[in-house]
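> build the 3D model from these lines:
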Amino acid sequence: MASRTKTRNKTIELRDNQLIFRFPNVHEGAELRIGFQRTLRIPDDNREYHLPPGLGEFPLYRVDDYPDNLPDTWEEHGGVFLPMYQTEAMWINFHADYPMAVKIAAGKINAVTGEAWNDELTETPQDYLVVPEQPWLDGFCVEKGLIRQFVAMPLGEGYTAEEQLTGEAEHGGLQIAVYPMQGSIYEERQRIPMVYLNDVCVPGAPPPADMGLAPGGLMRQEIYEDEYGFNVWDRSIHSRCFVHILNSVQLVHLTGCQPPGKPLTAQDYTARGLPWFDYYGQDLAALEGAKKLAGLDSVAVTQLKTGKGFLKDNDPVTPTVVKKLSKLMVREGAF
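Residues are numbered from 1 along each chain as shown. Predicted structure coming up:
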């Protein structure tokens, strides 16, 4: 059954474990779907890895459905929550035909620029993704063509990007803001043939402890420049959602639902000869990456620095099957 949050002329709906952002007063087609995919945690060894597969969507739950068991800050922020095992990885999936500017932060640290969260779009440096050109985001943009994978870690132990950049363990989770293209500009673009740079036409347990996202292994992924131009976005309206993260083992106490099983390791997956992926946006230009994010310690490094030893299941792998993806192809995985 769908759940919906309404404000005047925008809606956020939770349906089939996806967040659906709609802006009906901007344009009837202004809709974006966001899902959160379970995936392999790639080895955190400073080698560059291909894109790992999707292993199924994380289940999403509305904060408002569990008012008695959640921290006060979660109720204040609203939104949704999802369960992750400690050191589990994720990537974020975007589906839209209508162009959207999407800001993503982890612990209120912008995943593209490394700057503190703010609601407004920033042109220079570009602090947002452009959908549908950007099909997914796997982590923090640390260099041109490279990200460090999103890996779940408990707040308060120094692993997360938030703690490394601010010295505080306050927010955790993910923060999302979505801006639609102006309806009049979209309609004009539909009437006038456009030239695109790619080949697609234009129960009574204690409150759960907060989890945040820390930088993991290096992955080849480009974050694309805004080819539409900054002034096409309708900055008079946007929609926000806070995505909280709790440890999977606490899910049953909070909701009565069983957490998903633990994901495969990268070593097990690769040993089975299953595919990894390469994706490039044809001639789309990529952002340079953020110096603040490039300077973060990865999970493996933080664990060593804090005297906790080597990160488990972190042996290097050499993928033998790598599939190249086009714009219309999707990332498959093990079932």
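> for the nearest residue to residue 20 once chain neighbours are set aside, which residues make a bridge with it?
Nearest residue to residue 20, sequence neighbours excluded (CB to CB, 6 or more residues apart in numbering): residue 13, at 4.3 Å. For glycine as for every other residue, the C-beta is placed from the backbone atoms N, C-alpha and C. According to DSSP bridges, the residues that bridge with residue 13 are residue 4, residue 20.
> and the nearest residue to residue 230 once chain neighbours are set aside, how far is that from residue 312?
Distances taken as CB to CB, 6+ apart put residue 123 closest to residue 230, at 4.2 Å, once the chain neighbours are dropped. Distance from residue 123 to residue 312, counting by CB to CB, to the nearest Å: 42 Å.
> try residue 30
Shown here: residue 30 relative to residue 312, a distance of 44 Å by CB to CB.
> which of those two has more neighbours?
Neighbour tally, residue 30 and residue 312, criterion other CB atoms under 10 Å: the higher count belongs to residue 30, 25 against 11.
> need the contact list for that one.
Listed by CB atoms under 8 Å, 6 or more residues apart in numbering, the contact set of residue 30 reads 22-24, 98, 100, 180-181, 183, 186.
> just give me the neighbour total for the residue nearest to residue 20.
Residue 13 - counted by other CB under 10 Å - has 16 other residues nearby.
> pretty sure it contacts residue 24?
No. Judged on CB atoms under 8 Å, residue 13 makes no contact with residue 24 at a distance of 11.8 Å.
> averaged pLDDT, stretch 320-334. What do you get?
The pLDDT scores in stretch 320-334 average 72.
> show me where the stretch 201-335 of the chain has helices.
Taking DSSP state H, counting those that start in this stretch as the criterion, the stretch 201-335 of the chain contains helices spanning 251-255, 266-271, 291-294, 299-305.
> nearest to residue 133, out of those helices?
helix 291-294 (21.0 Å; CB to CB).
> how about that closest one: buried residues?
Judged by neighbour count using 16 or more other CB atoms under 10 Å, the buried positions of helix 291-294 are 292-293.
> select the longest helix from this protein.
helix 183-191 (DSSP state H).
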